[in-house]
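**Student:** What would the 3D arrangement of this be:
(one chain, ligands or ions: 1)
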Amino acid sequence: MNGKIALVTGGSRGIGRAIALKLAQDGCDVAILYAGRREAADETVALLEQAGSRALAIQCNVADGAAAEAAVKEVEAQLGPIAVLVNNAGIVRDGLAMRMSSEDFRAVLDVNLTGAFHMIRACLPLFIRRRAGSIVNITSVSGMMGNPGQANYASSKAGLIGLTKTIAREVASRGITVNAVAPGFIQTDMTAGMNEAALQKGLAAVPMGRIGKPEDVANAVSFLASDAASYITGCVLKVDGGMYI
Ligand code: NAI
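**Tutor:** Modelled structure (predicted):
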């Protein structure tokens, strides 16, 4: 991947940071987009630079189509042609469906699904012109098996799988691959807020009996983004310790 330019949304912490770092170790220069926490983004940039990568962090709400487009332009202006797009930005607003507000339903769809669409729409004309590029979308086993309390989140992640497969078919003949990675239960800020009972219940559903690491997800993304996966498109690779078999 030497010298390739990668763009990772939600790269300031958690899984996105691990993906950014792995791609830097693979030889990429890496830009990250983040929602709000500047210090976390700066920390990721410092880690990327330590890994020998040129690095850039841009605050951008991917739910805003114009902002997503502007961010892609800025990355290309500052680092060069983007070769790898990783749609990792995601949020949760859990609650039982019968009590979920329309606002909470929409907010999660706006970031997790529409945000990925915005990024893909901004990058595709560039990838098509160059007849190259790989896109990896971070979905979730929640979107494949459903999860009580996550009507909004599971819908967004199931939608992301449909988006992945559709774009894969639209651009397969243009030398562009589009795949998804579906993590199970991974140790990040997103899961750190869970109470002990929910954590134990989650772990009981994992045949391997342990929570995953952000690096477990990053390794799968690195493979799908690389030339080693050039004949793989439209696939959903689970990284879940066997949670959904
Ligand atoms: P996190 O909460 O630790 O990090 C989320 C990242 O997304 C942050 O960098 C944040 O700045 C960014 N972000 C949030 N809203 C944004 C917006 N509107 N625009 C741009 N960036 C935004 O989350 P974590 O756990 O690292 O999750 C990363 C991805 O992996 C998400 O898509 C999540 O749904 C998915 N995932 C996580 C699992 C887990 O167990 N942690 C399991 C399955 C999937």
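**Student:** What sits closest to Asn87 if chain neighbours are left out?
**Tutor:** Nearest residue to Asn87 in three dimensions, chain neighbours excluded: Ala116, at 3.9 Å (C-beta to C-beta, 6 or more residues apart in numbering). Where C-beta positions appear, they are placed from N, C-alpha and C, glycine not excepted.
**Student:** There's contact between Arg130 and Pro81 in this structure, I believe.
**Tutor:** Yes. Checked against C-beta atoms under 8 Å, the pair Arg130 and Pro81 is within contact range at 6.5 Å.
**Student:** OK, contacts around the most centrally placed residue in the chain?
**Tutor:** Nearest to the mean C-alpha position of the chain, counting by C-alpha atoms, centre = their mean, stands Asn88 at 1.7 Å. Contact criterion C-beta atoms under 8 Å, 6 or more residues apart in numbering gives 8-11, 15-16, 19, 138 as the residues in contact with Asn88.
**Student:** The same query, at a cut-off of 6 Å, please.
**Tutor:** Listed by C-beta atoms under 6 Å, 6 or more residues apart in numbering, the contact partners of Asn88 are 8-10, 16, 138.
**Student:** Export only the CA atoms of the helix or strand of the chain with the lowest mean pLDDT, formatted as PDB.
**Tutor:** Counting by mean pLDDT, DSSP states H and E, the chain has its least confident helix or strand at helix 189-192, which shows a mean of 86. The C-alpha atoms that make up helix 189-192 are tabulated as PDB, following Å, rounded to 0.1, in the frame of the first residue of the first chain:
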ATOM      1  CA  ASP A 189     -15.800   4.000  24.000                       C
ATOM      2  CA  MET A 190     -19.000   2.800  22.400                       C
ATOM      3  CA  THR A 191     -19.100  -0.400  24.600                       C
ATOM      4  CA  ALA A 192     -17.300   1.200  27.600                       C
END
